[in-house]
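J.: what's the 3D shape of this:
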Amino acid sequence: MPAATTHALLPADPGAQSLRRLLALRWLSIAGQIALVLATQRILGMPLPLAPIFSIVAFQAALNAFTHMRAARGGPVADAELFTQLALDAAALSGVVALAGGASNPLISLYLPLVAIAAAILPGHLAAAFAALSIVAYSALAFGLPDTHVQHAPGAFEFHLLGMWIVFVLSALTIAFFVARMTSAIRARDSALARAREQALRDERAVALGNLAAGAAHELGTPLATIAVLSEELARSAQAGASAREDAELLREQVAACKQILTRLAQRAGSPRAEVLPAVALDAWLLAVAARWQARRPSVVSRVDVAGDAAAPLIAPEPTLEQAFCNVFDNAGDASPSAVEIAARWDVRDLAIDVLDRGPGVAAPLREKLGREAVTTRADGHGLGLLLAFAAVERAGGRISFAARDGGGTRARIELPLAALGAA
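T.: Okay, the predicted model is just below:
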């Protein structure tokens, strides 16, 4: 499975997400500290050392601004960085509490949200270290700090209870928000990992099938050569009737088409990179793919419509995508040989190809298995064509979907970003 595809399936760096949440929570903490300090002084008239308190708050604001710039640059966020951020928050909280009443200040309860956040985002040893750090800081404020001699103004106790209630509400909301978001992120990561594993299994199966196809192509060379010789002799035979000679000529054309397919398979064995492939206009390439498919399936009556909302870009597509398209065309041709429509549309970024037939349709339970299992409704089919088509298109960042068509039949849609076709 290509690294780019795997990366697309996985969520963003969880460390970076946690850092962004810490940024938002720190701004909330800064606003709460300013509000409580001003309320304490203005409502209760308690003298507080505002200059050092606001110096600590200014430090937190500067730290947040610096961290925001660091987050904007991107890159992975290590656990040690998150621990340092939380430790600085705990240190700033300790400083504010020490200057504004010590352990009697309701803000001291804000250690608990920090400990809960550390437990949610840090590995066990770092979470334990932060918990120990918080216990030491709380103990120093409660037992090691000299008496602060805070003035007990009238109504101070009621205001203290109100402050405790406000801090409790903020702590409960913070813990609930952060833990809920972390749980959601963990579930999203687990789901993405499951999809990545499923995609890897499908790609491994596709590689195995490709190896089998390469071996079969090598072994088919000899019988095809024999058929070509016999059909040529039959076409030249004077004893054969006109109808037999026409059939022999058609057989020769089909054998020649098979040889071309085998030649292309041999050329593609090394999986050439897109940049070394010849560039061709998108509309010309689509028409050529449809024409080669039609030559291989002359009994199928088809109509091809190619148009775009923008000028056709030059592309250098991977050969596997052509085979994927043809496999989808084959599926429609098998379902309704007398009525297959191929409509390709593109804009500046994406290509969409609708393949429509008037066959019996695809049952919903079977439709869900397409591209994930080798399923077929034909007695002589194996279901490998669509499996390989899904693998090639999804590996290129696209998707294939099937839906019922109005009036009966099936609409298969292939969607691809033009960048996957090597668009210039």
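
J.: List of residues touching stretch 411-419?
T.: The contact list for stretch 411-419 (Cβ atoms under 8 Å, 6 or more residues apart in numbering) reads 282, 313, 315, 321, 324-325, 328, 331-332, 346, 348-356, 393, 396-405. In short, each C-beta sits where N, CA and C put it, glycine included.

J.: How about stretch 241-256?
T.: Against stretch 241-256 from outside (Cβ under 8 Å, 6+ apart): 224, 227-228, 231-232, 234-235, 237, 240, 295-296, 298.

J.: Where strands are concerned, which of the contacts of stretch 411-419 count?
T.: 315, 346, 350-356, 399-404 (DSSP state E).

J.: among the contacts of stretch 241-256, which ones are buried?
T.: 224, 228, 231, 234-235, 296 (16 or more other Cβ atoms under 10 Å).

J.: Between those, which sits nearest residue 58?
T.: Residue 58 lies nearest to residue 296 out of the buried ones among the contacts of stretch 241-256, by Cβ to Cβ, at 74.1 Å.

J.: so what's the closest one scoring on pLDDT?
T.: For residue 296, the pLDDT comes out at 82.

J.: is it true that residue 299 lies in a helix?
T.: No: in this structure, residue 299 is coil, not part of a helix, as judged by DSSP: H, G, I helix; E, B strand; the rest coil.

J.: For burial, what's the neighbour tally of it?
T.: Residue 299 has 7 neighbouring residues, counting by other Cβ atoms under 10 Å.

J.: contacting residues for it?
T.: By Cβ under 8 Å, 6+ apart, the neighbours of residue 299 are residue 337.

J.: State the pLDDT value of it.
T.: Listed pLDDT for residue 299 reads 87.

J.: Provide the contact partners of the strand or helix carrying residue 98 at residue level.
T.: Assigned by DSSP states H and E, residue 98 belongs to helix 79-99. Residues from elsewhere that reach helix 79-99 (Cβ under 8 Å, 6+ apart): 15, 18-19, 22, 26, 29, 33, 37, 48-49, 52-53, 56-57, 59-60, 63, 67, 103, 105, 107-108, 110-111, 114, 117-118, 121-123, 126, 129-130, 133-134, 137, 140-141, 145.

J.: make it 7 Å
T.: Here helix 79-99 makes contact (Cβ atoms under 7 Å, 6 or more residues apart in numbering) with 15, 18-19, 22, 26, 33, 49, 52-53, 56, 59-60, 63, 67, 105, 107-108, 110-111, 114, 117-118, 121-123, 126, 130, 133-134, 137, 141, 145.

J.: Can you select the buried ones among the residues you listed for me in PyMOL?
T.: Buried residues within these, by 16+ other Cβ under 10 Å, are selected in PyMOL with:
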select buried, resi 15+18+19+22+26+33+53+56+60+63+67+105+107+108+110+111+114+117+118+121+122+126+130+133+134+137+141
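
J.: CA atoms only for stretch 252-262 - export them in CSV, please.
T.: The C-alpha trace of stretch 252-262 is given here as CSV (Å, rounded to 0.1, in the frame of the first residue of the first chain):
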residue,chain,number,x,y,z
ARG,A,252,-7.1,-13.5,-36.4
GLU,A,253,-8.1,-9.9,-35.4
GLN,A,254,-9.0,-11.1,-31.9
VAL,A,255,-5.7,-13.1,-31.6
ALA,A,256,-3.8,-10.0,-32.7
ALA,A,257,-5.7,-8.0,-30.0
CYS,A,258,-4.8,-10.6,-27.4
LYS,A,259,-1.1,-10.4,-28.4
GLN,A,260,-1.2,-6.6,-28.0
ILE,A,261,-2.6,-7.0,-24.5
LEU,A,262,0.1,-9.5,-23.6
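
J.: Give me the mean pLDDT for it.
T.: 74.

J.: cool, and stretch 179-187?
T.: 72.

J.: Pull out the CA atoms of that stretch and give them to me as PDB.
T.: Extracted in PDB, the C-alpha atoms of stretch 179-187 (Å, rounded to 0.1, in the frame of the first residue of the first chain):
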ATOM      1  CA  VAL A 179     -12.300  13.800  27.300                       C
ATOM      2  CA  ALA A 180     -15.200  13.700  24.800                       C
ATOM      3  CA  ARG A 181     -13.000  15.100  22.100                       C
ATOM      4  CA  MET A 182     -10.200  12.700  22.900                       C
ATOM      5  CA  THR A 183     -12.500   9.800  22.900                       C
ATOM      6  CA  SER A 184     -13.900  10.900  19.500                       C
ATOM      7  CA  ALA A 185     -10.400  11.200  18.100                       C
ATOM      8  CA  ILE A 186      -9.400   7.800  19.400                       C
ATOM      9  CA  ARG A 187     -12.500   6.200  17.700                       C
END
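
J.: in the stretch 1-150 of the chain, which spans are helices?
T.: Secondary structure of the stretch 1-150 of the chain by DSSP state H, counting those that start in this stretch: the helices cover 3-9, 14-44, 50-73, 79-99, 111-121, 124-139.

J.: Comparing those helices by mean pLDDT, which bottoms out?
T.: helix 3-9 (a mean of 41).

J.: And the buried ones among the contacts of stretch 241-256, which two are furthest apart?
T.: Greatest spatial distance in these: 234 and 296, 21.3 Å, computed using Cβ to Cβ.

J.: Dihedrals phi and psi, residue 414?
T.: As for residue 414, its main-chain torsions (degrees, to the nearest 10) stand at phi -110, psi 120.

J.: Return the distance of it relative to residue 390.
T.: 10 Å (Cβ to Cβ, to the nearest Å).

J.: Repeat that for residue 132.
T.: To residue 390, residue 132 is 52 Å away according to Cβ to Cβ.

J.: Looking at these two now, which is surrounded by more residues?
T.: Neighbour totals were compared for residue 132 and residue 390, and residue 390 leads with 21 against 10 (other Cβ under 10 Å).
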